[in-house]
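*Asks:* Build the 3D model from these lines:
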Amino acid sequence: MKKRILSMAVAASALALTGAAQAEVKLGFLGGFTGGIESLTPPIYDGAQLAVQQVNEQGGILGGQPLVIPSGDTTCSDASAASNAADRMVNTEQVTAIVGALCTGATISAANNAGIPGGVVMVSPASTAPAVSELDDNDLVFRTVPSDAFQGELLAKLLLEKGIDFVAVTYVNNDYGRGLSDAFGEAFEAGGGSLADTLAHEDNRADYRSELGSLSASGADTLVVLAYADTSGQTVLRQAYESGMFTQYVGADGMVGDSLVEAIGADVLEGMIATRPGSPDLPGTDIFNAAAEAAGFDPSAVFAAQAYDAAFLLALAIEQNGSAEREGLSAALRSVATEPGDVILPGEWEKAVALIAAGTEINYEGASGTHEFDANGDVPGVVVEMVVEDGSFVSKGIVDP
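*Replies:* I've put the predicted structure just below:
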């Protein structure tokens with residue numbers, strides 16, 4: 001009899017544990033916690049976590065279940081690490097959807113090797129390369145950040161407006177660097193500028209003096225570096241300065257981190273120009289900014305707002321879909337992100353749940369803008385001018401198209 005009671009107790013305990021496990025709804029997060037953007041990743045993750053926190057504080061998801069967000073490290077540049085992290089999310093953690101990845105190569109690898117085969121919707125807040133648009137993804141890969149086809153064009157326009165019309169370019173030799181360099185170069189020359197030289201470089205090397213020597217020999221005083229703040233981009237800038245080769249430095253979103261300024265020196269990089277995707281002046285932006293500050297992270301950190309939107313959108317899509325199943329989620333994502341519908345702003349989870357329960361269409365207008373996904377899962381967006389002043393990158397406003 002005692003054995004039977006013990007057996008029943010163990011069985012009941014197992015059922016309780018199984019029920020608890022089933023009660024969680026999971027969003028995965030794939031980020032570059034080590035590698036080329038390791039200093040940029042924490043506030044991006046904080047943005048996604050803020051959305052999850054708000055969902056849970058306002059009653060949870062799918063009738064009160066907790067939403068959780070396990071994370072995986074792609075290292076940014078290691079395709080195997082990205083594939084392995086995505087495989088763990090899809091097949092071990094059994095996530096419903098994924099926020100990420102961040103670096104373009106990581107997103108493509110994660111999608112092709114795990115996300116797409118597993119039928120998992122992925123929303124990247126940071127993968128900007130045009131190559132993402134070309135994925136054969138069964139409508140599973142989206143992003144809340146505009147393509148570099150747009151950023152490259154506006155970076156070229158910004159420099160030309162400043163009278164900078166003769167530049168040398170070096171870019172990290174991957175999907176991100178190539179795509180951004182091609183977009184920038186084409187727009188720069190179309191606008192009347194001249195490319196003195198354009199050279200690819202491999203990431204994670206200790207010495208780029210040979211490439212820098214060739215670029216400097218072209219006669220340009222301005223060096224455009226399209227790479228990562230914590231790996232090749234930092235080394236290239238340091239060695240360019242040490243060699244006295246250039247007088248003006250330019251970068252894009254992968255270089256916008258105060259860790260870069262701290263590593264090389266505020267005096268060295270004073271006046272450096274860069275661009276990054278930003279947020280328009282919408283009600284959702286102010287709401288997110290206040291919530292992020294209350295949560296203890298910088299709302300202006302690169303891609304933090306886009307990560308918040310990715311997570312909040314996926315939560316809304318899961319609620320709209322009516323279950324934690326993966327099937328049907330991409331259609332639900334398009335539904336909650338697209339007009340028409342009652343407007344949902346950042347943090348308005350309870351309002352959204354009530355409207356969905358009543359059968360009312362909703363339209364999320366987020367922290368980083370509206371997200372009317374096109375056929376490729378891309379969104380329009382804005383690009384912001386950044387300049388190093390007094391030891392940090394500061395925003396100078398939106399670059400007009």
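*Asks:* State the helix or strand in which residue 298 lies.
*Replies:* Per DSSP states H and E: residue 298 is located in neither a helix nor a strand.
*Asks:* List the contacts of the residue nearest to it when sequence neighbours are not counted.
*Replies:* For residue 298, ignoring the flanking residues on the chain, the nearest one in space by CB to CB, 6 or more residues apart in numbering is residue 43 at 5.8 Å. Every C-beta, even on glycine, is put in place using the N, C-alpha and C of the backbone. Residue 43 makes contacts with 297-298, 301-302, 304, as judged by CB atoms under 8 Å, 6 or more residues apart in numbering.
*Asks:* What does residue 43 show for phi and psi?
*Replies:* Residue 43 adopts backbone torsions of phi -70, psi -20, taken as degrees, to the nearest 10.
*Asks:* So for it, what's the pLDDT?
*Replies:* pLDDT for residue 43: 97.
*Asks:* go on, residue 13?
*Replies:* For residue 13, pLDDT reads 39.
*Asks:* Residue 268 too?
*Replies:* Residue 268 carries a pLDDT score of 95 in this model.
*Asks:* So the closest residue to it other than its chain neighbours, which state does it fall into?
*Replies:* Nearest non-adjacent residue to residue 268, counting by CB to CB, 6+ apart: residue 241, 5.1 Å away. When classified by DSSP: H, G, I helix; E, B strand; the rest coil, residue 241 comes out as helix.
*Asks:* right, and residue 241 touches residue 263 too?
*Replies:* No - look at residue 241 against residue 263 with CB atoms under 8 Å: they stay out of range, at 11.4 Å.
*Asks:* tell me which residues form a beta bridge with residue 97?
*Replies:* Bridge pairing for residue 97 (DSSP bridges) gives the partners residue 27, residue 121.
*Asks:* Now for the contacts of residue 43: which two are most distant?
*Replies:* Of all pairs drawn from the contacts of residue 43, the one with the longest distance (CB to CB) is 297 and 302, at 12.1 Å.
*Asks:* These two: which has the busier surroundings?
*Replies:* residue 302 (27 against 18; other CB atoms under 10 Å).
*Asks:* Let me know the distance separating that one from residue 145.
*Replies:* Going from residue 302 to residue 145 by CB to CB, to the nearest Å gives 10 Å.
*Asks:* State the pLDDT value of the nearest residue to residue 202 once chain neighbours are set aside.
*Replies:* Nearest non-adjacent residue to residue 202, counting by CB to CB, 6+ apart: residue 173, 5.5 Å away. On the pLDDT scale, residue 173 is placed at 96.
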